[in-house]
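Engineer: just need the structure, nothing else, for what follows:
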Amino acid sequence: QVQLVDSGGGLVQAGGSLRLSCAASSRTLINYSLGWFRQAPGQEREFVGAITWAAGRTSYADSVKGRFTISRDNAKNTVYLQMNSLKPEDTAVYYCAAKVYSVSTRDWMYAYWGQGTQVTVSS
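Structural biologist: Presented below is the predicted three-dimensional model:
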């Protein structure tokens with residue numbers, strides 16, 4: 001069982017930055033991958049990026065590649081989503097999620113979810 005708590009969202013101007021955090025309560029995440037998804041009003045939830053806990057390998061959606069970076073802090077059992085050069089189209093509720101083993105871009109493969117944090121980018 002993994003419990004996830006998202007935080008760090010807010011209002012930022014276009015071109016600005018935000019860092020989201022996802023704190024995981026679990027004895028060990030060594031066998032897990034942590035993903036970030038987002039959902040804008042009226043749209044389906046979409047994959048943003050993910051990281052394998054053991055190796056720290058990351059993958060990103062094309063729409064955020066080069067602007068967003070995912071990292072992890074083993075000591076704090078926390079995953080971060082650093083978002084730079086934000087655009088109005090990045091506005092959404094952002095969720096972190098966990099699944100065993102390998103990364104997936106499919107949200108239905110993730111068993112554990114945070115509550116979400118709102119990111120609003122003004123133009």
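
Engineer: thought Gln3 was touching Arg27?
Structural biologist: No: contact criterion Cβ atoms under 8 Å: Gln3 and Arg27 do not qualify, at 11.8 Å. C-beta coordinates here come from the backbone N, C-alpha and C atoms, glycine included.

Engineer: more crowded one of those two?
Structural biologist: Set Gln3 next to Arg27 and count neighbours by other Cβ atoms under 10 Å: Gln3 wins out with 12 against 8.

Engineer: do you know the pLDDT at that one?
Structural biologist: Listed pLDDT for Gln3 reads 95.

Engineer: for it, which non-adjacent residue is closest in space?
Structural biologist: Excluding the flanking residues, the one nearest Gln3 by Cβ to Cβ, 6 or more residues apart in numbering is Ser25, at 4.3 Å.

Engineer: isn't Gly116 up against Tyr95?
Structural biologist: Yes: counting by Cβ under 8 Å, Tyr95 is a contact partner of Gly116 at 4.7 Å.

Engineer: overlap of the contact sets of those two?
Structural biologist: 6, 39 (Cβ atoms under 8 Å, 6 or more residues apart in numbering).

Engineer: show the contacting residues for Thr78.
Structural biologist: Contact partners of Thr78, counting by Cβ under 8 Å, 6+ apart, are 21-24, 72.

Engineer: of those - the most surrounded one?
Structural biologist: Counting by other Cβ under 10 Å, top hit in these: Cys22 with 26 neighbours.

Engineer: give the contact list for that residue.
Structural biologist: Contacts of Cys22 (Cβ under 8 Å, 6+ apart): 4-7, 34, 36, 78-81, 96, 114.

Engineer: most neighbours among the residues you listed, please name it.
Structural biologist: That'd be Cys96 among the contacts of Cys22, by other Cβ under 10 Å, with 31 neighbours.

Engineer: and that one, what helix or strand is that in?
Structural biologist: In this structure, Cys96 sits in strand 92-100 according to DSSP states H and E.

Engineer: avg pLDDT for that strand?
Structural biologist: 97.

Engineer: alright, I will stop here.
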